[in-house]
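Participant: Quick one: sequence and predicted model below, then my questions.
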Amino acid sequence: MKNGVNGVALGVFVFFFLAVTVLGFLAARWRRPDNEHSLDEWGLGGRSFGTWVTWFLLGGDLYTAYTFVAVPAAVYAAGAAGFFAVPYTILVYPLIFTFLPRLWSVSHRHGYVTTSDFVRGRFGSKGLSLAVAVTGILATMPYIALQLVGIQAVLDVLGVGGGAHANWFVKDLPLFIAFGVLAAYTYSSGLRAPALIAFVKDSLIYIVIAVAIIYIPIKLGGFGSVFAKAGAKFTAAGAGGLVPAPAGQWTYATLALGSALALFMYPHSITATLSSKSREVIRRNTTLLPLYSLMLGLLALLGFMAIAAGVKVTNGQLAIPQLFEDMFPAWFAGVAFAAIGIGALVPAAIMSIAAANLFTRNIYRDFIKPDATPAQETRVSKLVSLLVKVGALVFVLTMDKTVAINFQLLGGIWILQTFPALVGGLFTRWFHRWALLAGWAVGMIYGTLAAYGVASPTQAHFGGSSKEIPGIGEIGYIGLTAFVLNVVVTVVLTFALKAFKAPEGVDETSPADYTADAGDPGVQAELPPATAAPAH
């Protein structure tokens, strides 16, 4: 790492940061509604976004600063095994093509703002809805923290913050400033802020990757030289070269499949989806989003380039920012750092909004204040979005960064356990609500205990997300094993509960709701609790 502050790169970074800050506050005036005091407006952008806004919003939501930093960092550390993110983002789009339009339709028909709203309405169970909401909030918190870790990595390479020996306040002051700006414009503009900023973020990322994939290999002697040097490093380390050993193939495959199933269970993914103005917008986006997977594949190659360039860092998360500083002119390094920094702000904003919506709709309104007005819901959601970001900031400042990453992996295990209730409920109501709750509990308990038992060279617990699969003997993704147990328990208990004629909740949806579009009769906006359909 170079000594001192990279003044030119810092100047470019600050310019773009200020530009998106202005955009974030101006977003409050973008498509301003007559009545902005509802979660439909603040938390879902008025459900008004078209194909391109949704595409940029979902891209900004799913392909985060963590993606930009961690995926090539995984390749830098582990070779081709780090490419698991590429097949899982390819697998996920045909999957969501089958169920996201149905979720959009039923949510618009009934004014659902969160996945827990749908689960409550579909199965008539506030308990199951609460389980989905709590899981979503828990899984989202470390994800937000990792966006702040991404900003911190850029600031470290830029040399700002007073150095390693500065007092904690001076060292973290730039992060405090970034956090304050994020919190302010999210509170003011809601989902419209990240939607508008996502245009800048994604444009910068595409420019940086397009330049990097051409410019850096030329400086390093071509792709042949890049792969040769990377292969030599892994061979010398006893890793068998670029391709993972056969023993790692189960881990690779199960991690890719489990991650694909989990990606659109995250609350922020659904929040961006429900902000679309029509069912057709969702269908178009599931066909357009694979373009980001092409970008991700090229991005992952930067890990090999960092090896070939001789980048040496003690924290793997710094490998790609350091590569940019070493290889690019200072001004373009600033552009690259801005892409990573803004790539953290967009998803962090959406994630905090999504977590706040879950708390407001499925904890505050369902259990604390059932007669809350839309204005009260919006006010509570704004405040909770601030608290969520404060929690993430405290998490980053008080815990080791490795711990933050491992808790994000644990969040992936947890969020996958909501799949049977959400996706299963979109296609059938055969599952019994109590069976779904029991299956969720088994998956959560097994996944947490199994992850707790995984050690790493630096941690005694929560050292990874892979462990031996019971009955198979191969090392695989814990989340997928927990998911299989979840489904087995749900199916077996459903047969048993139906045999004993256990009471089932009332389904407030109808078959026509799942194919309804925005202009169809009966599609309703968000209603005050006093007039909305009963939740049973």
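Facilitator: Structure's in. What do you need? Residues are numbered from 1 along each chain as shown.
Participant: And for stretch 375-390, what's in contact with it?
Facilitator: 36-39, 41-43, 137, 140-141, 144, 179, 182-183, 186-187, 190, 348, 351-353, 355-357, 359-361, 364-365, 369, 372 (Cβ atoms under 8 Å, 6 or more residues apart in numbering). C-betas here are computed from N, CA, C, even on glycine.
Participant: Pro457 in helix, strand or coil?
Facilitator: Pro457 carries the three-state label coil when classified by DSSP: H, G, I helix; E, B strand; the rest coil.
Participant: Buried members of the contacts of stretch 375-390 into PyMOL, please.
Facilitator: Typed into PyMOL, the next command selects the buried ones out of those (criterion: 16 or more other Cβ atoms under 10 Å):
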select buried, resi 36+38+39+41+42+43+137+140+141+144+179+182+183+186+187+190+348+351+352+353+355+356+357+359+360+361+364+365+372
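Participant: Now do the buried residues in stretch 489-507.
Facilitator: If you call a residue buried by 16+ other Cβ under 10 Å, then stretch 489-507 has these buried ones: Val489, Thr490, Val491, Leu493, Thr494, Leu497, Glu504, Gly505.
Participant: Point out the other helices and strands that the host helix or strand of the third one packs with.
Facilitator: In the assignment (DSSP states H and E), Val491 maps to helix 478-499. Packing contacts for helix 478-499, counted by 3 or more Cβ pairs under 8 Å, 6 or more residues apart in numbering; DSSP states H and E, involve helix 249-263, helix 401-416, helix 433-452, strand 466-468.
Participant: which stretch in the ones you listed has the least confidence?
Facilitator: When mean pLDDT is averaged over each of these, helix 401-416 scores lowest at a mean of 81.
Participant: Toward the C-terminus, what is the element adjacent to that helix?
Facilitator: Scanning onward from helix 401-416 (DSSP H and E), the first element met is helix 419.
Participant: pLDDT of that next one, averaged?
Facilitator: 97.
Participant: From the chain's centroid, how far away is that helix?
Facilitator: On the basis of Cα atoms, centre = their mean, to the nearest Å, helix 419 is displaced by 16 Å from the centre of the chain it belongs to.
Participant: which residues sit against that helix?
Facilitator: Contacts for helix 419 (Cβ under 8 Å, 6+ apart): Leu261, Ala262, Met265, Phe483, Asn486.
Participant: okay if I get the residues you listed as a markdown table plus distance to Ala27 and neighbour count?
Facilitator: A markdown table is the format used below for the contacts of helix 419 (distance: Cβ to Cβ, whole Å; neighbours: other Cβ atoms under 10 Å):
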| residue | distance to Ala27 | neighbour count |
| --- | --- | --- |
| Leu261 | 32 | 20 |
| Ala262 | 29 | 26 |
| Met265 | 27 | 23 |
| Phe483 | 37 | 24 |
| Asn486 | 39 | 26 |
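Participant: my guess is Phe332 contacts Val211, does it?
Facilitator: Yes. Judged on Cβ atoms under 8 Å, Phe332 makes contact with Val211 at a distance of 7.0 Å.
Participant: and those two? which has more neighbours close in?
Facilitator: Phe332 (19 against 14; other Cβ atoms under 10 Å).
Participant: For the host helix or strand of the more buried one, the averaged confidence score.
Facilitator: The secondary structure element spanning Phe332 is helix 330-359 (assigned by DSSP H and E). Predicted confidence along helix 330-359 averages 91 (mean pLDDT).
Participant: Appreciated, that's everything.
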